[in-house]
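K.L.:
Structure for the following, please:
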Amino acid sequence: MSLQTVRNVVLLFSNPSWSDGHSVPSTILRNITALSSQIAYSEDLLGNITTLSTTSVSTANGVVQGLLYVPDLETNDPCLNITADYIPANVTRQINLPTTNYNLIALAPWINVNCTKSFLASARTDPIRGMLVYRPNSDSSPPPPVDDEAWDLEDGGLWKTQNRYPVYAIPGTSGNEMMRQLSLYSGDLSQVPFSSQIISTYSPNPADYVRVWTELTVVTVSTTLPLWAFILIILAVIVAVIGSTSFLMHFVQSRRRAALRRRVMRGEVNLEALGIKRLMVPLDHIQTFTLFTYNYDPPLSSSPMSPKFPKIGRRSSEASRRPGMRIGKNDSTLDYQPACLICLEDFESKKTIIRELPCGHIYHPECIDEFLSQLSSLCPSCKASMLPPGYCPKITNSMVRREFGTRRLRSRGPGIHVDVERGRQRLSSWSSSMKKHIWRVSSPKQDDAVDLQEQPRVGRSSTVETTRDRMQDLVVPVDETNSDDGRPQCKLPPCE
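P.N.:
Below is the predicted model:
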């Protein structure tokens, strides 16, 4: 509770009396200062006030008021002699006030530690609402701040909590003037200043009182936060919770993306085979795959009653090759591949140029180059990844979630299968039918000769659209509609 202003006025109080055997208490008859300021003391002290202690008292509209007086000291208190130079002998004491229990405002000089403690202790026994103190000098400047050594009573600030009333410090000149006015308005009606004018104007009872009344305008510093502060605190807590949660989520997601990235780079996870992300192989990497001239020597004719399908084909290391073509060093056997799985056109021995993938499957270069660079990074036959070693696309949170879900489905048991095998099943079915077709063609009758002459590839341009449709069928289905990387699903470019 901080003091803002001090206002002193002179009031006329009635003397308590007896009426029909009952005591009639003293009442305020007139505010002489308000009615006739020329014949009464008044003072308004604005600012220049230091709040020393803030013990709260009940106030009406922020005003603490009461009769101004000086607390009495014990008769054997040495401060009586010390304060004699600062406190007039006829100053207003409690005995000089009306006997009715009015609220009081104490006034005392701050001379030294012991005398100040004596005044504070005496005021505790009176019904006071506040206390004004001052350093008895002629200084009109504001009093020192509350933490100044001038207000130290050598008890560690305990005196501020022992009192049931607030204590305020006022300038020395204002304190001296108030003390002088208290010495003028302490006697009976005939002894106060302008007594004759007051008697002639208001015709009071000779036993009535004229005393100084003090009003302290205070501003209560509430310890309860206002509503807007509570709202700001709640908003701050909400923002802090959301921010910390978001930070934690981003940290966890970052760790999971990094873990998936490492697994992809090590080849443990094939994103496209899992149907998570459509990937394409860089064309310069595709060009590193070996080119060969297809060479297949048909086996000797076998008995029709006991046919054996010729499964073994081999790469011709003796065959002619065009400039720039590479011959493979590994001469391992492969499953018989009589035709390109993409365009379904047969390979011509010692004439057709083929490209062999690291997995061992062979295709027309123009077919497989377009397929890997524009549609899919997987081999159309075995769905093995053709991406460069250590390659990894940008990993997103959607990829992490879908890979985790796929891994959980796989871990539940053998009864649950991922659609990754769909391409292989389709390839197996097609291979079976193709083998039967080749068997019928390649198994000659006894009276027929096997025609091994070169057959020109005609009508190639008319099958472009069919070939691209075939490419779409060989691509592993990938659902990128819920991808969070902002890239749409890859589609085959239009035919030229």
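
K.L.:
Flag the shaky bits of the stretch 1-150 of the chain, pLDDT-wise.
P.N.:
Across the stretch 1-150 of the chain, the ranges flagged by pLDDT under 70 are 1, 18-24, 56-58, 60.

K.L.:
Quick check: next helix or strand after the host helix or strand of residue 129?
P.N.:
Per DSSP states H and E: residue 129 is located in strand 128-134. Next along the chain after strand 128-134, taking DSSP H and E as the criterion, comes helix 159-162.

K.L.:
Can you give me the buried ones in that following helix?
P.N.:
159, 160 (16 or more other C-beta atoms under 10 Å). (Each C-beta comes from the backbone N, C-alpha and C, glycine too.)

K.L.:
And that helix, what does it pack against?
P.N.:
strand 50-53, helix 113-124 (3 or more C-beta pairs under 8 Å, 6 or more residues apart in numbering; DSSP states H and E).

K.L.:
for the longest one, packing partners?
P.N.:
When you say that, I think you mean helix 113-124. So helix 113-124, by 3+ C-beta pairs under 8 Å, 6+ apart, packs with helix 79-82, strand 104-109, strand 128-134, helix 159-162.

K.L.:
For burial, what's the neighbour tally of residue 271?
P.N.:
23 (other C-beta atoms under 10 Å).

K.L.:
List phi and psi for it.
P.N.:
Residue 271 adopts backbone torsions of phi -60, psi -40, taken as degrees, to the nearest 10.

K.L.:
Kindly provide the distance from it to residue 394.
P.N.:
If you measure residue 271 against residue 394 using C-beta to C-beta, to the nearest Å, the figure is 11 Å.

K.L.:
Just the C-alpha atoms of stretch 379-387, please, in PDB.
P.N.:
Only the C-alpha atoms of stretch 379-387 are listed here, as PDB (Å, rounded to 0.1, in the frame of the first residue of the first chain):
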ATOM      1  CA  CYS A 379      14.600 -54.700 -62.300                       C
ATOM      2  CA  PRO A 380      11.300 -55.600 -64.100                       C
ATOM      3  CA  SER A 381      12.000 -59.300 -63.500                       C
ATOM      4  CA  CYS A 382      13.300 -59.700 -59.900                       C
ATOM      5  CA  LYS A 383      12.500 -56.300 -58.500                       C
ATOM      6  CA  ALA A 384      16.100 -55.800 -57.400                       C
ATOM      7  CA  SER A 385      17.200 -52.200 -56.900                       C
ATOM      8  CA  MET A 386      19.400 -50.700 -59.600                       C
ATOM      9  CA  LEU A 387      20.300 -47.500 -57.800                       C
END
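
K.L.:
Identify all contacting residues around it.
P.N.:
The contact list for stretch 379-387 (C-beta atoms under 8 Å, 6 or more residues apart in numbering) reads 267, 270, 272-273, 279, 281, 285-286, 289, 341-342, 357-359, 361, 363, 368, 371-372, 377-378, 420, 423-424, 427, 471, 474, 476.

K.L.:
how does it look with 7 Å?
P.N.:
270, 273, 279, 281, 341-342, 357-359, 361, 371-372, 377-378, 420, 423-424, 427, 474, 476 (C-beta atoms under 7 Å, 6 or more residues apart in numbering).

K.L.:
in that stretch, what's buried?
P.N.:
For stretch 379-387, by 16+ other C-beta under 10 Å, it's 379, 380, 381, 383, 385, 386, 387.

K.L.:
What's the mean pLDDT across it?
P.N.:
The average pLDDT for stretch 379-387 rounds to 91.
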